[in-house]
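Asker: Give the three-dimensional model of this entry:
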Amino acid sequence: MPRCCSLLLITALGMGAGRAMAQGTAGTSAEAEPRVLVTMPTAGLLIRNQYAAEVQAFPGDGIRARLQVGLWNRLLLGLSYSGSAVVGADPPRWQGPPGATARIRLLDESLRLPAVVLGFDSQGTGAWAADRFAVRSPGAFVAASKNFALLGFLGVHGGAGYSLEPDAKHVNGWLGIEQTLGPLASVLAEYNLAADDRTGRSGALDAGDLNLAARLSLGALTAELSLLDITGNRPGRPSSSRLIRIEYVAGF
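Answerer: I've put the predicted structure just below:
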């Protein structure tokens, strides 16, 4: 196993206690901002001296580890790494260079305006093959988020980005919502236009990926189950893909 992946996995699985009490990213009691819809970014950030360690399991016995840190209230940095066939008898297949994440808050959310971030994320979702991820990375992106008091909280998110992966020749876009269900749970829906990944698809707006997720927070831990491409628009995929993600958010 590559050293960078080993360190990220150990960090994500082994962090047990931050000096500051923390709450996860789901429900009305969440103290940390959600930084991703299902696969694509929101305008969420970590505050200064806050970190988030996560592990995601994806099809093909794959595992992705990610660590993000809030350096200031307006700046987030992170690293990530993944591999397929990590569990099982076959040799693991690791991605290329580690994924890098950086975000800077351009505008704080107000009563009238959404929060806006400018960022870069080279980590995609799913297996790495032919120098790309199953779901392309956001690349250089801008994202906006606005929350409303509706049956708890309703978050509306959107963004646009340009991936640096091969053959991603078009600007991509995404939209999504998050609805809290009580103090500890949230459900999310995301539509990824996949404008940079239309091989074998039509050029219509309804040829993108519709993704769903449910999150439950217990203290600093948040567990997520997500379903990708439930309409089956991706070529060669007969049914939606299931992913599981565990995230730990705390302070240091």
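
Asker: C-alpha only now, for contacts and for neighbours.
Answerer: Fine.

Asker: So what pairs up with Glu247 in the strands?
Answerer: Glu54, Thr222 (DSSP bridges).

Asker: Report pLDDT for it.
Answerer: The model reports Glu247 with a pLDDT of 97.

Asker: which residues sit in contact with it?
Answerer: 24, 52-55, 221-223 (Cα atoms under 8 Å, 6 or more residues apart in numbering).

Asker: Greatest separation within those residues: which pair is it?
Answerer: Farthest-apart pair in these is Gly24 and Val55; separation 14.4 Å (Cα to Cα).

Asker: Neighbour count for the two, which is higher?
Answerer: Neighbours per residue, other Cα atoms under 10 Å: of Gly24 and Val55, the larger number sits with Gly24, 27 against 23.

Asker: Now name the helix or strand holding that one.
Answerer: If you go by DSSP states H and E, Gly24 is not part of any helix or strand.

Asker: thinking it is in contact with Thr222, fair?
Answerer: Yes. Applying Cα atoms under 8 Å, one finds Gly24 in contact with Thr222, separated by 5.4 Å.

Asker: Which neighbours do these two have in common?
Answerer: Common neighbours of Gly24 and Thr222 (Cα under 8 Å, 6+ apart) are 247-248.

Asker: out of the contacts of Glu247, which are buried?
Answerer: Among the contacts of Glu247, those buried by neighbour count (16 or more other Cα atoms under 10 Å) are 24, 52-55, 221-223.

Asker: got the residues you listed as a markdown table, with distance to Ala43 and pLDDT columns?
Answerer: Listed next are these as a markdown table, based on distance: Cα to Cα, whole Å; pLDDT from 0 to 100:
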| residue | distance to Ala43 | pLDDT |
| --- | --- | --- |
| Gly24 | 17 | 89 |
| Ala52 | 16 | 96 |
| Ala53 | 18 | 97 |
| Glu54 | 18 | 97 |
| Val55 | 21 | 98 |
| Leu221 | 21 | 96 |
| Thr222 | 19 | 97 |
| Ala223 | 20 | 98 |
